[in-house]
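**Student:** Okay, predicted coordinates and the sequence, questions at the end:
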Amino acid sequence: MKRILLTLVVIALYILHQDIWNWRTPYPLIFGFIPIGLFYHACFVVASSLVMWMLVTYAWPSHLEEEIEGSDRKEEGGR
Amino acid sequence: MIPAIVVLIYLAVVVYIGIFAFRKATGREKAEDYFLASRSLGPFVFLLSLFGTNMTAFAILGSSGHAFSNGIVTFGLMATSSALIIPLTIFLCGTRIWALGKKYGFMTPVQMFRDRWECGNIGTVIFAVQAALLLPYIIIGVMGGGTTLNVISGGLVPYWFGGAIVALVVMSYVFFGGMRGTAWVNTFQTILFLVFGAIAVVVIGTGMGGFQNAVNGLLSSPATAPLLTRERISPYYFFSYTFIPLSAIAFPHIAIFCLTARKMAQFKKTVIFYPLCIMAIWLPCVFLGVMANRVQDVPAIRAKVEARRVLATQGKTLAPEQRDELREQSAGDDTLLLLLQRFAPLWLAGLLGAGIMAAVMASDSQILALSTMFTEDIFAFYGGKRRFGESVQVQTGRIFVIILTLVAYAVALRAPETIFELAIQYAFSGYAALSPLIIAALFWRGSTKWGALASTVWTALAVIAVAIFQATVPAPAPGPATVCATIGGIEVLTRTPGGTAIFGFMPVVPMVIISALLMFFVSLLTRKPQAATIEKYFSKPST
């Protein structure tokens, strides 16, 4: 369930990248000088970072990590 | 000349870092130490150097140049699609590549493919295509170096000499420092650019009398107001661009870099902070590129704007050669540097120029990756390591670095395209089309070597076909594209002012989709690797 939700979040973010509603207008100008299309995508980057945090926190492939670090420990123990 | 001297001092520091890394190396005749820094990079160096490796002249000079001509769309087009796709592929594929490399000792993607699909010569074909596609990316670095030094020195350092200096510096620290030197230099360079990029925004913004004035000025003119929207680019083109960042994980230098982390946990910070690092570099470059259209008191910028105007108003009546000439005149690859010259004091322009030079010189990782691939996938695979030993293998890698740099320099002197076009049309699209190989190798038990071969050959043919098409059909003037093929009234193949469109999409879209389909269907029809080999890659974790 957790994986499905995370996959849906990533797909939703990908769809949100195609913001055709901001296509032909620079308004409103955020802080008086940043066109909305540029500001939207700056926010998109922050959202991407948050989604990456979610992936790392809730879907980290820890089995790979444990397997490698376990064999590293075995090697060190054998020496 | 002062800024050029500051940049030259910076280049000397960079060479010193490379040589220092060489001295620090404990087992410097070991291939794993020279090519992978003994898989020992810590989290800070891993994040900044992996990011720095992806930030080339294309990102800095190409992005501001593209924004100068096309407006704010450049940020969404290239930066934000990368901010989602690149960390996602590092999370999904990079961690697995690291684990497999650590477990089985792989040093290149081709080594993994050969083992995963039980193939020898098909691995060599993949190597050849990867190497051919990587070369343009290396050339970008040399071209960017030539452009940067030429502009910073006010024309005193000619393009050919600037390119030669950059090529020599990169060659030196890669030759001596290998992966450790390259990673340290990349870390230093990324910090430099992040710091001075922020200063550049403040200095140029103040010099222009504030960005609010500049934006209002742009909005007041019908010629420049569209630069603050995305109407110069079609939504199809914008969507197509999201396929380009798939190239990142298929680039051998990125895959090889994934093998250098000491622990898998080091990927965590990289994945989370990668989007923010992209924003920190691309947002100022794009914004300043757009704002440059207001700086009409710089003759070089005025000439670019004028060339763009002539191309838009009279382009249809001009010969293709004249259009190409105007396109070259209007190209904005040096826009950022011209802004620095205009608004920054001399010493600061030098420091900022060094910051830009830092990003421009990211071709070091590609040079080292090609050298690693040559020595591992060809020299060692065909018996060189067994016959001559590991020390000779490392020396061969170093000689390869020299030869490769010289070739890249020679091509850079003759390459007619702008930095941006050269990168996109060949290297990025080609590597994006190779991404199904990595994904299939890591996630699909049913993939086979014949599926991999089909995808690879398709990629090579598609890149060649696009290059021939664009060389044969001249680019039209800005406005409607030249329609070359239709089916039932639907435009199938068109030559656009910026390249090629297939059903309105960039060629990268059909290239990736067909590559994935070939991998799938050809694999379904051909024999799988032995069960024991598949189990190596897909065994369930023991509980």
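**Tutor:** Here it is on my side, so go on.
**Student:** pLDDT of the one helix or strand B:Ser365 maps to, averaged?
**Tutor:** Assigned by DSSP states H and E, B:Ser365 belongs to helix B:363-373. In this model, helix B:363-373 carries a mean pLDDT of 87.
**Student:** Can you tell me the element B:Ala501 falls in?
**Tutor:** Counting by DSSP H and E, the element that carries B:Ala501 is strand B:499-502.
**Student:** quick one: average pLDDT of that strand?
**Tutor:** Throughout strand B:499-502, pLDDT has a mean value of 90.
**Student:** mind listing the helices for chain A?
**Tutor:** With DSSP state H as the criterion, chain A has helices at A:2-17, A:36-58, A:62-78.
**Student:** Can I get those helices in JSON lines including distance to B:Ala307 and mean pLDDT?
**Tutor:** No exception for glycine: its C-beta is placed from N, CA and C like everyone else's. Rendered in JSON lines, the data for the helices of chain A read as follows (distance: least, CB to CB, whole Å; pLDDT from 0 to 100):
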{"stretch": "helix A:2-17", "distance to B:Ala307": "32", "mean pLDDT": "95"}
{"stretch": "helix A:36-58", "distance to B:Ala307": "25", "mean pLDDT": "97"}
{"stretch": "helix A:62-78", "distance to B:Ala307": "53", "mean pLDDT": "74"}
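**Student:** Please identify the most buried of those helices.
**Tutor:** Ranked by mean neighbour count, the helices of chain A are led by helix A:36-58 with a mean of 19 (mean count of other CB atoms under 10 Å in any protein chain shown).
**Student:** re the thing from before, now for the helix holding B:Ser365, which elements pack on it?
**Tutor:** helix B:31-36, helix B:121-152, helix B:159-207, helix B:252-258, helix B:390-414 (3 or more CB pairs under 8 Å, 6 or more residues apart in numbering or on different chains; DSSP states H and E).
**Student:** ok, 6 Å please
**Tutor:** helix B:121-152, helix B:159-207, helix B:252-258, helix B:390-414 (3 or more CB pairs under 6 Å, 6 or more residues apart in numbering or on different chains; DSSP states H and E).
**Student:** Can you add mean pLDDT, mean neighbour count and distance to B:Gln366 and give those back as a markdown table?
**Tutor:** What follows is the helices and strands packed on helix B:363-373, written out as a markdown table (pLDDT from 0 to 100; neighbours: other CB atoms under 10 Å in any protein chain shown; distance: least, CB to CB, whole Å):
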| stretch | mean pLDDT | mean neighbour count | distance to B:Gln366 |
| --- | --- | --- | --- |
| helix B:121-152 | 84 | 24 | 5 |
| helix B:159-207 | 85 | 22 | 10 |
| helix B:252-258 | 93 | 26 | 5 |
| helix B:390-414 | 85 | 18 | 9 |
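**Student:** Show me which residues of chain A are close to chain B?
**Tutor:** Applying CB under 6 Å from any CB of the partner chain, we find that chain A lies next to chain B at A:18, A:20, A:23-24, A:26, A:32-33, A:35, A:37-38, A:41, A:44-45, A:48-49, A:52-53, A:55-56, A:61, A:63-65, A:68.
**Student:** B:Met373 is in contact with B:Phe400, correct?
**Tutor:** No. Counting by CB atoms under 6 Å, B:Phe400 does not reach B:Met373; the two are 9.3 Å apart.
**Student:** Quick check: chain neighbours aside, which residue is closest to B:Lys316?
**Tutor:** B:Ala477 (4.7 Å; CB to CB, 6 or more residues apart in numbering or on different chains).
**Student:** Name the next helix or strand downstream of the helix or strand of chain B with the lowest mean pLDDT, please.
**Tutor:** Taking mean pLDDT, DSSP states H and E as the measure, helix B:419-422 is the helix or strand of chain B with the lowest mean score, a mean of 52. Counting by DSSP H and E, the next helix or strand C-terminal to helix B:419-422 is helix B:429-443.
**Student:** Would you mind writing the CA trace of that following helix as PDB?
**Tutor:** Coordinates of each C-alpha in helix B:429-443 appear next as PDB, following Å, rounded to 0.1, in the frame of the first residue of the first chain:
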ATOM      1  CA  SER B 429      18.900  11.900 -26.600                       C
ATOM      2  CA  GLY B 430      21.100   8.900 -27.300                       C
ATOM      3  CA  TYR B 431      21.700   8.200 -23.600                       C
ATOM      4  CA  ALA B 432      18.100   8.600 -22.800                       C
ATOM      5  CA  ALA B 433      17.400   5.900 -25.400                       C
ATOM      6  CA  LEU B 434      19.900   3.700 -23.700                       C
ATOM      7  CA  SER B 435      18.200   4.000 -20.300                       C
ATOM      8  CA  PRO B 436      16.000   0.900 -20.900                       C
ATOM      9  CA  LEU B 437      19.200  -1.200 -20.700                       C
ATOM     10  CA  ILE B 438      19.900  -0.100 -17.200                       C
ATOM     11  CA  ILE B 439      16.300  -0.400 -16.100                       C
ATOM     12  CA  ALA B 440      15.900  -3.900 -17.700                       C
ATOM     13  CA  ALA B 441      19.100  -5.200 -16.300                       C
ATOM     14  CA  LEU B 442      18.200  -4.200 -12.800                       C
ATOM     15  CA  PHE B 443      14.500  -4.800 -12.600                       C
END
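**Student:** Return the residues in contact with the residue in the stretch 101-250 of chain B positioned nearest to chain A.
**Tutor:** Nearest residue of the stretch 101-250 of chain B to chain A: B:Leu228, at 3.8 Å (CB to the nearest CB). The contact partners of B:Leu228, by CB atoms under 6 Å, 6 or more residues apart in numbering or on different chains, come to A:Pro26, A:Pro35, B:Ile72, B:Leu218.
**Student:** OK, contacts around the residue nearest to B:Lys316?
**Tutor:** Per CB under 6 Å, 6+ apart, neighbours of B:Ala477: B:Gly315, B:Lys316, B:Arg323.
**Student:** go with 10 Å
**Tutor:** Neighbour list for B:Ala477: B:311-318, B:320, B:322-323, B:326-327, B:497 [criterion: CB atoms under 10 Å, 6 or more residues apart in numbering or on different chains].
**Student:** quick check, distance from stretch B:123-132 to the centre of its chain.
**Tutor:** Relative to its chain's centre, stretch B:123-132 lies at 18 Å (CA atoms, centre = their mean, to the nearest Å).
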